[in-house]
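Peer 1: got a predicted structure here, sequence first:
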Amino acid sequence: MRLEVERKTKLREGFKNTYNLEPELFISSPGRMEIIGNHTDHNHGLAIAAAVDLDIVAAIRKNDEGIVRALSEGVNMLIEIDVNDLVYRPEEVGQSIALVRGVLFRLANKGYKIAGMDLYLDTRIPRGAGVSSSAAYELLFAKAISVLYNDDAIDKFTLAEAGQYAEVNYFGKPCGLLDQIAVSYGAISYIDFARIEQPTVETISYELDHYDIILINTGGSHGNLTDEYEAITDDMREISRFFKVDYLREVDYSSFLKSRPTLYRRIGGRPLLRAMHFFNENDRVLKVVECMKKQDERTFVKLIAQSGASSYNLLQNYTFAADKDQQLFFAYNWAKTNFRQGAYRVHGGGFAGTMLAFIPKPLTARFIKAGEVYFGEGNLLKIKIREAGVTLIE
């Protein structure tokens, strides 16, 4: 990958103004999108995610002071961490510094060399875009440590796991490995979470010929939605416990089908519907993998639309009881009603935030213009799948 001249010049100047030195290298860390596999990972299911062409880039240089420093363009607060003091600090929960400290701790704990470095960052990931800027941020620091001090020998999974470890244990946000895997591996990642601590990852290169992918930021925050997310896992857990196993992936599907009337009477409709979503979504993931390998774009898009409908009708993560604005719920219905040729699905955890739209290319400009009337200028982004994960760039 090559960095455009104007951006490289801005980063170089920002680095020199901050540290009075020239940077040694540049690293780019992409955002990610979830293509299909909504709320399957926590029950050891299947999912497909991809790196996207929105990124964080950093100008970087070693230092011999044992301090990691980082400053982001447009932010006046310099992060400073002593590499000999990487213990968890509760006062840093929810802050960027916690992500950095956690990544450094995890890599040091795994036996990798950790030492000082200076970074100056510029992001092209819009705030609230829902493409996991946190994973991009984590993986950028992990990759810098790999390149500067470990002969770039830290493998992709270890980089991803260090990012997830930091987010869960230092930043204080429960998450799986999907985001970090997508950022680390690049292109499209087909992920099997049967072994959730070390999922199987297959990298696939695929490009849509007749559709554009539009990310719609509908607004709202995930900050107060922890109870809603936990309710999904709790509902699915109730079904798996009926079969005396821990996860839905372990449930025999034919036994599940036969038991649906009993499950409905004993446990209720919502848990049953959410379990149905899990099984159907897993099957759709397998079919999407087959479509990509056969270059079957028409069926690919049809399956994306089915995934979105399943999340809407069965998983029920487009709105919630206290959701007066119903931004995500509205966006899905607006898009389906007005642009029927497209395919739409909730992006990520749901209940608020972003949605993906797969739009026939001749309709893209009209779709964006019409959507901006509701969701605001700049809140419908055309994104592309990026082949490279977090990487050193020229």
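Peer 2: Done, it's in. Residues are numbered from 1 along each chain as shown.
Peer 1: give me the spatial nearest neighbour of V289, chain neighbours excluded.
Peer 2: Leaving aside its sequence neighbours, V289 sits nearest to Y190 (CB to CB, 6 or more residues apart in numbering; 5.3 Å). Where C-beta positions appear, they are placed from N, C-alpha and C, glycine not excepted.
Peer 1: go on, Q95?
Peer 2: Using CB to CB, 6+ apart and skipping residues adjacent in sequence, the residue nearest Q95 is F171, 7.6 Å away.
Peer 1: and the one you found, what does it touch?
Peer 2: With contacts defined as CB atoms under 8 Å, 6 or more residues apart in numbering, the neighbours of F171 are 93-95, 98-99, 102, 134.
Peer 1: let's go with 10 Å and repeat that
Peer 2: Listed by CB atoms under 10 Å, 6 or more residues apart in numbering, the contact partners of F171 are 92-102, 134, 138, 165.
Peer 1: out of the residues you listed, who's nearest T391?
Peer 2: For the contacts of F171, the residue nearest T391 by CB to CB is E138; the value is 14.9 Å.
Peer 1: for the nearest residue to R386 once chain neighbours are set aside, pull up the helix or strand it's in.
Peer 2: On the basis of CB to CB, 6+ apart, the spatially nearest residue to R386 that is not a chain neighbour turns out to be A51, at 4.3 Å. When secondary structure is defined by DSSP states H and E, A51 falls within strand 46-62.
Peer 1: can you check G163 too?
Peer 2: In this structure, G163 is located in helix 156-166 according to DSSP H and E.
Peer 1: and the next helix or strand after that helix, what other elements does it pack with?
Peer 2: Taking DSSP H and E as the definition, the helix or strand that follows helix 156-166 towards the C-terminus is helix 178-185. In terms of contacts (3 or more CB pairs under 10 Å, 6 or more residues apart in numbering; DSSP states H and E), helix 178-185 is packed against strand 25-36, strand 46-62, helix 133-149, helix 156-166, strand 188-192, strand 200-204.
Peer 1: and C175, which of those is closest to it?
Peer 2: Go through the helices and strands packed on helix 178-185 one by one with CB to CB and the one that ends up closest to C175 is helix 156-166, at 6.3 Å.
Peer 1: CA atoms of the closest one as CSV?
Peer 2: Only the C-alpha atoms of helix 156-166 are listed here, as CSV (Å, rounded to 0.1, in the frame of the first residue of the first chain):
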residue,chain,number,x,y,z
LYS,A,156,-2.1,-11.9,12.7
PHE,A,157,-4.1,-13.8,15.3
THR,A,158,-1.8,-12.7,18.2
LEU,A,159,-2.2,-9.1,17.1
ALA,A,160,-5.9,-9.5,17.1
GLU,A,161,-6.1,-11.2,20.4
ALA,A,162,-3.9,-8.5,22.0
GLY,A,163,-6.4,-5.9,20.8
GLN,A,164,-9.4,-7.8,22.1
TYR,A,165,-7.6,-8.4,25.5
ALA,A,166,-7.0,-4.7,25.9
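Peer 1: picking up where we left off before, out of the helices and strands packed on helix 178-185, nearest to I359?
Peer 2: Closest to I359 of the helices and strands packed on helix 178-185 is strand 25-36 (CB to CB; 14.5 Å).
Peer 1: check contacts around the spatially most central residue of the chain.
Peer 2: Note on the chain: the residue nearest the mean C-alpha position is D179, at 3.4 Å, using CA atoms, centre = their mean. With contact set as CB under 10 Å, 6+ apart, D179 has these partners: 31-34, 49, 131-136, 138-139, 160, 163-164, 167, 348.
Peer 1: now do 7 Å
Peer 2: 32, 132, 135 (CB atoms under 7 Å, 6 or more residues apart in numbering).
Peer 1: do you know how far it is from K361?
Peer 2: 28 Å (CB to CB, to the nearest Å).
Peer 1: repeat for I385
Peer 2: 15 Å.
Peer 1: these two: who's more crowded?
Peer 2: I385 (20 against 12; other CB atoms under 10 Å).
Peer 1: please point out which parts of the longest helix along the chain sit buried.
Peer 2: Once the chain is assigned using DSSP state H, the helix that runs over the most residues is helix 269-294. Of the residues in helix 269-294, those with enough neighbours to count as buried (16 or more other CB atoms under 10 Å) are 271-279, 281-282, 284-285, 287-289, 291-292.
Peer 1: compute the inter-axis angle for it and strand 200-204.
Peer 2: Direction vectors for helix 269-294 and strand 200-204, defined by axes from the mean of the first three to the mean of the last three CA atoms, to 10 degrees, enclose an angle of 50 degrees.
Peer 1: report all helices and strands that helix 269-294 contacts.
Peer 2: Taking 3 or more CB pairs under 7 Å, 6 or more residues apart in numbering; DSSP states H and E as the contact definition, the neighbouring helices and strands of helix 269-294 are strand 25-36, strand 46-62, helix 226-242, helix 253-266, helix 297-310.
Peer 1: show the average pLDDT along the first one.
Peer 2: Think strand 25-36. When pLDDT is averaged over strand 25-36, the result is 97.
Peer 1: ditto for stretch 225-233
Peer 2: For stretch 225-233, mean pLDDT is 91.
Peer 1: look up how far A160 lies from G111.
Peer 2: Distance, G111 to A160, by CB to CB: 17 Å.
Peer 1: just to revisit the earlier point, now the contacts of D179 in JSON lines, with distance to F375 and neighbour count?
Peer 2: Below are those laid out as JSON lines (distance: CB to CB, whole Å; neighbours: other CB atoms under 10 Å):
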{"residue": "R32", "distance to F375": "21", "neighbour count": "30"}
{"residue": "S132", "distance to F375": "20", "neighbour count": "27"}
{"residue": "A135", "distance to F375": "24", "neighbour count": "29"}
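Peer 1: before we move on, the earlier item: and the helix or strand just after the strand holding A51, what's buried?
Peer 2: Sequence-wise, the next helix or strand downstream of strand 46-62 (DSSP H and E) is strand 67-72. Using 16+ other CB under 10 Å as the test for burial, strand 67-72 gives 68-72.
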